[in-house]
Each structure stands twice: as C-alpha cells, then as structure tokens.
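>>> I'd like to go over a predicted model; first the sequence, then the structure.
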Amino acid sequence: NKFLNPKTLSKAYDFALRAHKTQKRDEGVPYIIHPVAVADILTDLKLDSATIATGLLHDTIEDTHATYNTIKEEFGQEVADLVDGVTKISEFENQAVDNSKAENFRKLIIATSKDIRVLLVKIADRLHNMRTIKFVKDTDKQIRKAKETMEIYAPLTDRMGMNRIRDELEDISFKVLNPEARELITKRLKVKKEDRKETVKEISREFINVLKENGINVKITGREKTPFSIWRKIQKKRTSLEQISDIVGFRVIVNSIGECYKTLGIFHSRWQAIPGRFKDYISTPKINNYKSIHTSIIGPKRQRIEIQIRTSEMDELAEYGI
C-alpha cells in the first residue's frame with residue numbers, strides 16, 4: 001500500500017503498547033489486542049497511515065495518561081486531530097442518555113467528524129467491540145451496545161455504502177437482541193445448505209454458458225444472505241421464513257456498463273422476470289453511490305432467483321464503501 005509509512009505505524013504501536021500496558025480487555029487479554037485489531041480492519045479498508053495510526057492510538061487519550069499534546073508532539077497535528085475526534089465521539093457516547101434520539105446522535109457524530117476518517121476509525125472500533133461482545137459480563141451493557149449499533153452505527157455504515165461491515169454489525173446485534181429468532185433462521189438455513197450448494201453450482205454453470213454464447217465473460221458468486229437480512233425481509237414483506245430462505249441470490253460481475261444491460265436483456269428474454277422486483281441503480285445510484293442492476297427471475301428448475309448485475313468497480317464500492 002503506497003500510503004503506508006511503516007515507521008509511523010511501529011512507533012504508534014509502541015506508544016499504544018506502553019500506554020495500555022496495565023490494562024486488560026473484558027475477555028482477559030492484554031488491552032493492546034483491541035487497538036491492533038482496529039488497525040487491522042482499517043488496513044483491510046486500504047486506508048492511509050494517519051488513519052491506521054489513529055486506530056492504534058484511538059483509546060490512548062481517553063483511557064491512559066497520554067494527552068492531545070503528547071500525541072501531537074510524537075505524531076504531528078493530523079494524527080492528533082483524528083485521535084481527538086474519535087475521543088470526542090466516545091465521550092458523547094458515554095453521556096448520551098437513553099432517550100436522546102438515535103438520529104440526533106448520528107447527526108452529532110457526523111458533525112464532529114469534520115474528517116471522514118474519524119468516522120471510519122470509530123466504525124472499525126465498534127466492529128471489533130461487537131466481534132468480542134460475548135465477553136462483556138454485563139448483559140445490560142451487551143444489549144445497550146447492540147441497540148446503539150443497530151440504531152446508529154449500522155445506518156452510518158449504510159450511509160457510506162460499507163455493506164460488508166453493515167451486514168456484520170447488524171447480524172451480531174441481532175444475535176444479542178433476538179437470539180431465538182436468529183437461531184430459528186440459522187437452523188432453517190443449515191437444513192437447506194447442501195441442496196442450495198448444488199443448486200447454486202448448477203445455476204451458475206447455466207448462467208455462465210448462456211452469457212458466453214452471447215460473448216459475455218462473467219464472474220458469478222452465490223450470495224449468502226445474513227440471518228438478519230432474512231428476518232428484516234420477513235418483517236417487511238409479511239411473508240414466511242420458508243419462502244424467503246428458498247430464494248437463491250447471485251452476483252454477476254461483468255466488464256462494462258454496456259455489458260450490465262446486455263446481461264439483463266439476456267436474462268429477461270430467456271427467463272420470466274418477477275414483476276416489481278427490478279431496480280436499476282446504475283442509471284439512478286443510491287444516495288451512497290451504490291450502483292447495480294437488481295432483478296428477480298423464475299430461473300432454471302422453476303427456482304426464484306435474485307440477481308445483482310454490476311462491474312467489478314461497482315462491486316468494490318458496494319463492499320467497502322466510499
């Protein structure tokens with residue numbers, strides 16, 4: 001990664017290690033594991049050194065003897081301002097009374113994050129905290145954090161088009177807030193898993209061949225829905241778990257926008273489209289710049305199939321966000 005400066009990062013790591021040396025996480029491990037995990041998530045998102053260093057340092061002002069000035073002296077103004085931004089959000093979080101509306105809190109977060117990178121660090125911080133939420137001894141705290149994640153952080157990641165992280169945040173929160181429902185859906189998905197694997201393989205092959213005959217080379221991936229997204233669909237459409245979990249989803253990645261429409265044409269002329277299920281986010285992108293064509297067809301084997309057609313640039317943006 002051309003934006004990375006190893007010297008800054010190892011210096012930030014040493015600084016955090018010293019600052020947190022006496023602290024432990026809820027799961028009994030040395031505290032440093034948390035900032036390192038956050039920095040790791042930020043590295044996956046291909047962010048710059050200043051942001052990753054902030055990930056390593058994000059709890060030092062709040063939890064240790066470090067101050068804004070020490071960080072500024074050691075790492076410069078940019079990193080100090082970012083760490084300060086993250087600290088401010090954490091302070092708000094601790095003060096936010098239960099009745100303060102999520103929407104206000106979201107606005108507050110966005111307002112305090114003059115620099116979008118502050119938000120990204122905060123989201124990575126929350127993601128790791130949710131991944132380890134089962135170690136939090138206090139059940140009330142688990143529930144509070146999960147609600148806050150559902151109401152504030154998931155919508156924020158959605159706003160930024162970070163679908164992969166949004167799905168994970170929602171699903172972990174769902175597990176905390178409604179374990180019975182999630183268990184039910186997970187069981188149902190497991191039962192169907194083997195059948196689905198075969199079906200997905202067969203349908204993929206058929207799609208690839210049909211498109212190849214028409215001169216289009218594609219990459220097709222089957223899409224596993226998260227238990228939470230299935231649950232939300234059941235609520236929204238007032239339909240049954242049976243119907244929803246039988247739907248197979250595919251992502252069809254092509255080389256150009258022209259090919260997206262050509263592919264759609266091929267699907268619709270060959271199989272019956274399901275009315276009301278077609279959306280063209282390429283000509284009118286979502287507010288977070290998400291682009292894709294969505295359609296549903298009665299495909300091979302009379303199976304209901306959901307399809308997303310997009311280019312690899314669109315796919316990258318949909319997974320990792322702006």
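Received, thanks. Small disclaimer: the values here were computed from a predicted structure and weren't measured.
>>> count of neighbours near the closest residue to residue 266 other than its chain neighbours?
Distance criterion CB to CB, 6 or more residues apart in numbering; nearest residue to residue 266, sequence neighbours excluded, is residue 214 at 5.5 Å. To be clear about C-beta, it is placed using only N, CA and C from the backbone, and glycine gets the same treatment. Here the number of neighbours of residue 214 (other CB atoms under 10 Å) works out to 13.
>>> Surely residue 214 is in contact with residue 262?
Yes - look at residue 214 against residue 262 with CB atoms under 8 Å: they come within range, at 7.1 Å.
>>> need the helix or strand of this protein with the lowest average pLDDT.
helix 102-112 (a mean of 71; mean pLDDT, DSSP states H and E).
>>> Give me the helices and strands touching the next helix-or-strand element following that one, please.
Once the chain leaves helix 102-112, the next helix or strand it forms, by DSSP states H and E, is helix 116-131. With contacts defined as 3 or more CB pairs under 8 Å, 6 or more residues apart in numbering; DSSP states H and E, helix 116-131 has these neighbours: helix 33-44, helix 49-57, helix 68-95, helix 102-112, helix 139-148, helix 154-159, helix 163-177.
>>> swap the cut-off to 7 Å and go again
Here helix 116-131 touches helix 33-44, helix 49-57, helix 68-95, helix 154-159, helix 163-177, going by 3 or more CB pairs under 7 Å, 6 or more residues apart in numbering; DSSP states H and E.
>>> Find the one among those with the highest mean neighbour count.
helix 49-57 (a mean of 27; mean count of other CB atoms under 10 Å).
>>> In CSV, could you pull the C-alpha coordinates for that one?
Output of helix 49-57 as CSV, limited to C-alpha atoms (Å, rounded to 0.1, in the frame of the first residue of the first chain):
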residue,chain,number,x,y,z
SER,A,49,-1.0,5.6,7.6
ALA,A,50,-2.6,8.5,9.5
THR,A,51,-5.9,6.6,9.9
ILE,A,52,-4.2,3.3,10.8
ALA,A,53,-2.0,5.1,13.4
THR,A,54,-5.2,6.6,14.8
GLY,A,55,-6.6,3.1,15.0
LEU,A,56,-3.7,2.1,17.2
LEU,A,57,-3.9,5.3,19.3
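>>> count of residues packed around residue 4?
14.
>>> ah, wrong one, I meant residue 265
Count around residue 265 with other CB under 10 Å applied: 11.
>>> if we can go back for a sec, I'd like the helices and strands packed on helix 116-131 as TSV, with distance to residue 8 and mean pLDDT appended.
Below are the helices and strands packed on helix 116-131 laid out as TSV (distance: least, CB to CB, whole Å; pLDDT from 0 to 100):
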stretch	distance to residue 8	mean pLDDT
helix 33-44	11	96
helix 49-57	5	96
helix 68-95	7	90
helix 154-159	26	91
helix 163-177	25	96
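>>> between the ones you listed, which gets nearest to residue 318?
helix 163-177 (5.5 Å; CB to CB).
>>> from the chain's centre, how far out does the closest one sit?
8 Å (CA atoms, centre = their mean, to the nearest Å).
>>> Also stretch 244-256?
Distance, centroid of stretch 244-256 to centroid of chain: 18 Å (CA atoms, centre = their mean).
>>> Only alpha carbons, please: show it as PDB.
Output in PDB follows, covering the C-alpha atoms of stretch 244-256 (Å, rounded to 0.1, in the frame of the first residue of the first chain):
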ATOM      1  CA  ILE A 244     -37.500 -16.200   1.900                       C
ATOM      2  CA  SER A 245     -34.900 -18.800   2.700                       C
ATOM      3  CA  ASP A 246     -35.700 -20.700  -0.600                       C
ATOM      4  CA  ILE A 247     -34.600 -17.800  -2.700                       C
ATOM      5  CA  VAL A 248     -31.100 -18.100  -4.200                       C
ATOM      6  CA  GLY A 249     -29.100 -14.900  -4.800                       C
ATOM      7  CA  PHE A 250     -26.400 -14.400  -7.400                       C
ATOM      8  CA  ARG A 251     -24.000 -11.600  -8.100                       C
ATOM      9  CA  VAL A 252     -23.000 -11.400 -11.700                       C
ATOM     10  CA  ILE A 253     -19.800  -9.300 -12.400                       C
ATOM     11  CA  VAL A 254     -19.200  -8.100 -15.900                       C
ATOM     12  CA  ASN A 255     -16.700  -5.900 -17.600                       C
ATOM     13  CA  SER A 256     -18.600  -2.700 -18.500                       C
END
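>>> Mind giving me the packing neighbours of whichever strand or helix holds residue 187?
Counting by DSSP H and E, the element that carries residue 187 is helix 179-213. Secondary-structure packing of helix 179-213 (3+ CB pairs under 7 Å, 6+ apart): strand 219-223, helix 227-237, helix 241-245, strand 248-254, helix 257-270.
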